[in-house]
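J.: Sequence and predicted model, in that order:
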Amino acid sequence: MRIGIITPAPPRSLHGNRRTALRWAKLFRQLGHRVWIAQSYGGQPCDVLIALHAKRSFDSIRKFRRLYPNKPLIVALTGTDLYRDLRRSRRAQTSLELATRLVALQPKALDDLPPRFHAKTRVIYQSVGPPNQIQNLKSKTQNFRICVIGHLRDVKDPFRTAKAVRLLPERSQVEVVHVGAAMDERMAVGAEREMHANPRYRWLGELPPERVRKILYSSQLCVHSSKLEGGANAVSEAIVAGVPVLASRIPGNVGLLGEDYPGYFEVGDTRGLAKLLWQTETDAAFLARLKACCRGLALNFSPQRERQSLADLLAEL
């Protein structure tokens, strides 16, 4: 089968949609299909079209549906689709109407979809490479290392962890290592200023994936503070790595971690995050509880499960 994948994120982009497109292309090829990826649909031949982002891929979705009214069209929903655009964008709403199937990255997404779309929506968790391919490292420092993995964008609330560790007692051994590219000059300047003023915070910029993974595996904790998210790769990677997560209480995080996960703080709540950080650093039983919760979720993010979910989706069509 010929499968086309449309993602508005350009080649070598830093955005998660490009990573999703590349990973799905790899999994589809493992299933024996031919795959191409493009930023927009220009009439390329395919048996199935998959479009990431309902609003931003609208022109491609509409063009494909006009050319091929009976061919399968899959629209993968991003965080901005679910938690912003669907409420006010007619283009995003029309994309959902035109789709044969919708894909969400975590089950809480259904709460924000109109009920008429539930029957054609499938949840496919984003997978992470098997942990046996990565050496389980320990930090060389004696400090309590916290990693923040994510590009510096407003929607990620990137400096929330840095602000929180300023509130910790002087005897705290916490250090924050932040990995991710600054998406504009303002963010880069902000990170540099924070490092100058906050000795507990280090920003390393964009790093190769293997180095990012080593930093994750050498950390005692990962913090994910996004204001809006469809289903973050960083959370999935931390879960598979066995590194417990503290996360903002947003649907995209709750969908991955579960309603009863004990490591949530409210969006923008610096003091609440600081309290959790201190509890995690000083209360071994609480840290063990977070680790146990993550271990119980790890199988959700296996490549085999994601590949099978994609195979099942194609079989339906």
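T.: Great, that's in hand. Numbering: from 1, shown residues only.
J.: what residues go with each domain of this structure?
T.: Annotated domains of the chain cover 2-127+302-316, 131-300 [automatic domain parsing].
J.: any chance you could map the helices in this protein?
T.: For the chain, the helices defined by DSSP state H occupy 16-30, 58-67, 79-83, 90-98, 160-165, 185-197, 209-217, 233-241, 251-257, 270-282, 284-297, 303-316.
J.: what packs against the worst-scoring helix or strand of the chain on mean pLDDT?
T.: Every helix and strand in the chain was compared by mean pLDDT, DSSP states H and E; the lowest is helix 79-83, with a mean of 85. Contacts defined by 3 or more Cβ pairs under 8 Å, 6 or more residues apart in numbering; DSSP states H and E place helix 79-83 against helix 251-257. Quick note: C-beta positions are derived from backbone N, CA and C, even for glycine.
J.: residues making contact with the helix it packs on?
T.: For helix 251-257, contacts defined as Cβ atoms under 8 Å, 6 or more residues apart in numbering pick out 79, 82-83, 105-109, 111-112, 125, 224, 226, 228-232, 235-236, 239, 245, 247, 261, 263-264, 293, 297, 300.
J.: Any idea how far that helix is from the middle of the chain?
T.: The chain centre lies 10 Å from the centre of helix 251-257; the measure is Cα atoms, centre = their mean, to the nearest Å.
J.: same deal with stretch 16-32?
T.: Relative to the mean C-alpha coordinate of its chain, stretch 16-32 is positioned 15 Å out (Cα atoms, centre = their mean).
J.: quick one on the thing from earlier: so which of the helices of the chain gets nearest residue 121?
T.: Nearest to residue 121, of all those, is helix 90-98, at 9.2 Å by Cβ to Cβ.
J.: With mean neighbour count and distance to residue 44 added, can I get the helices of the chain in a markdown table?
T.: Below are those laid out as a markdown table (neighbours: other Cβ atoms under 10 Å; distance: least, Cβ to Cβ, whole Å):
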| stretch | mean neighbour count | distance to residue 44 |
| --- | --- | --- |
| helix 16-30 | 19 | 14 |
| helix 58-67 | 18 | 10 |
| helix 79-83 | 24 | 23 |
| helix 90-98 | 18 | 18 |
| helix 160-165 | 23 | 42 |
| helix 185-197 | 14 | 36 |
| helix 209-217 | 17 | 29 |
| helix 233-241 | 24 | 27 |
| helix 251-257 | 24 | 31 |
| helix 270-282 | 19 | 46 |
| helix 284-297 | 15 | 38 |
| helix 303-316 | 15 | 18 |
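J.: That concludes my questions; thank you for your assistance.
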